[in-house]
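Student: fold the following, please.
(one chain, ligands or ions: 1)
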Amino acid sequence: MDGLKRMFANNRAWAAEMTRRSPRFFQDLSELQEPEFLWIGCADSRVPANEIVGMRPGELFVHRNVANIVSHTDFNCLSVIQYAVEALKVRHIIVCGHYGCGGVIAAQKNKRLGLIDNWLRHVQDVQEKYRGVLSPITDEAERQDRLCELNVIEQAVNVCQTTVVQQAWRAGQDLTVHGWIYRLNDGLLHDLGLCVSSDEGLADYYNVTHGIDHWPVPRG
Ligand code: CO
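Tutor: Numbering: from 1, shown residues only. The predicted model follows:
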């Protein structure tokens, strides 16, 4: 069976199995979505959001792009954040990057790939901001890993600084922003320790002039 036909066959089998387990599953979902989480991740095919955290349809609101970037002028991502926070009232926003990210590596190596170079410029901005941290690392793989982590932190901070999140915090909404990273070669997620629920929390973690005050150490 070719790949496209296989997708339809898989879909029929999946829908039948979900209905067998829970006969009202699709009916209930079609009437309401109440996800508690917004996931902002990389478009990489090896990091399927729902699957790696064992979440069913309806549990995760998802935005993915190359290198999990949150740009202050990207109305696609900003609209997702606004809808998730203001309409769905998610309680957590997770920026999840991954080690071995092709976008991050291309940015680090200053590869010329075409239009996407402009998008990856955001990662190069992170690299330049942390030049002092990254340049002393002589091992290339380790330097790549650190840039993947720093990119998560910077994008999560960008989430915190959006007007939508700032407004939600000002209004006393329960909303926490997290920075996580996924390792392709063992399938495990790690918490980078960024967990911010208020403007004061952000200031504790992050010095706006100099960047992170604490080196991100993967936890768990
Ligand atoms: Co990636």
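
Student: how about the residues of this structure by the ion?
Tutor: 42, 44, 101 (C-beta under 5 Å from the ion). Where C-beta positions appear, they are placed from N, C-alpha and C, glycine not excepted.

Student: in this protein, where's the longest helix?
Tutor: helix 140-160 (DSSP state H).

Student: just the strands in the chain please.
Tutor: 37-42, 60-65, 92-98, 176-183, 188-196, 206-207, 211-212 (DSSP state E).

Student: okay if I get those strands as a markdown table plus mean neighbour count and mean pLDDT?
Tutor: Output for the strands of the chain, formatted as a markdown table (neighbours: other C-beta atoms under 10 Å; pLDDT from 0 to 100):
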| stretch | mean neighbour count | mean pLDDT |
| --- | --- | --- |
| strand 37-42 | 24 | 98 |
| strand 60-65 | 19 | 98 |
| strand 92-98 | 25 | 98 |
| strand 176-183 | 22 | 97 |
| strand 188-196 | 19 | 95 |
| strand 206-207 | 16 | 83 |
| strand 211-212 | 18 | 83 |
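
Student: go through those strands and name the closest to W14.
Tutor: Taking C-beta to C-beta, strand 60-65 is the member of the strands of the chain nearest to W14, at 16.8 Å.

Student: list the strands paired with the closest one, with their directions.
Tutor: Within its sheet, and counting by DSSP bridges, strand 60-65 is paired with strand 37-42 (parallel).

Student: keeping just the C-alphas, turn the strand it pairs with into PDB.
Tutor: The C-alpha trace of strand 37-42 is given here as PDB (Å, rounded to 0.1, in the frame of the first residue of the first chain):
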ATOM      1  CA  PHE A  37      -1.900  23.000  27.700                       C
ATOM      2  CA  LEU A  38      -0.500  25.000  24.800                       C
ATOM      3  CA  TRP A  39       2.400  23.300  23.200                       C
ATOM      4  CA  ILE A  40       4.800  25.300  21.000                       C
ATOM      5  CA  GLY A  41       7.300  22.900  19.400                       C
ATOM      6  CA  CYS A  42       9.500  22.200  16.400                       C
END
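
Student: how about residues contacting that strand?
Tutor: Strand 37-42 is contacted from outside by 47, 49, 55, 59-68, 70, 77, 80-81, 84-85, 88, 90-98, 101, 103, 155, 159, using C-beta atoms under 8 Å, 6 or more residues apart in numbering.

Student: how about stretch 138-147?
Tutor: Here stretch 138-147 has contacts from 99-100, 104-105, 107-108, 123, 126-127, 130, 133-134, 137, using C-beta under 8 Å, 6+ apart.

Student: hmm, 10 Å instead?
Tutor: 97, 99-101, 104-105, 107-109, 123-124, 126-127, 130, 133-137, 181, 183, 215-216, 218 (C-beta atoms under 10 Å, 6 or more residues apart in numbering).
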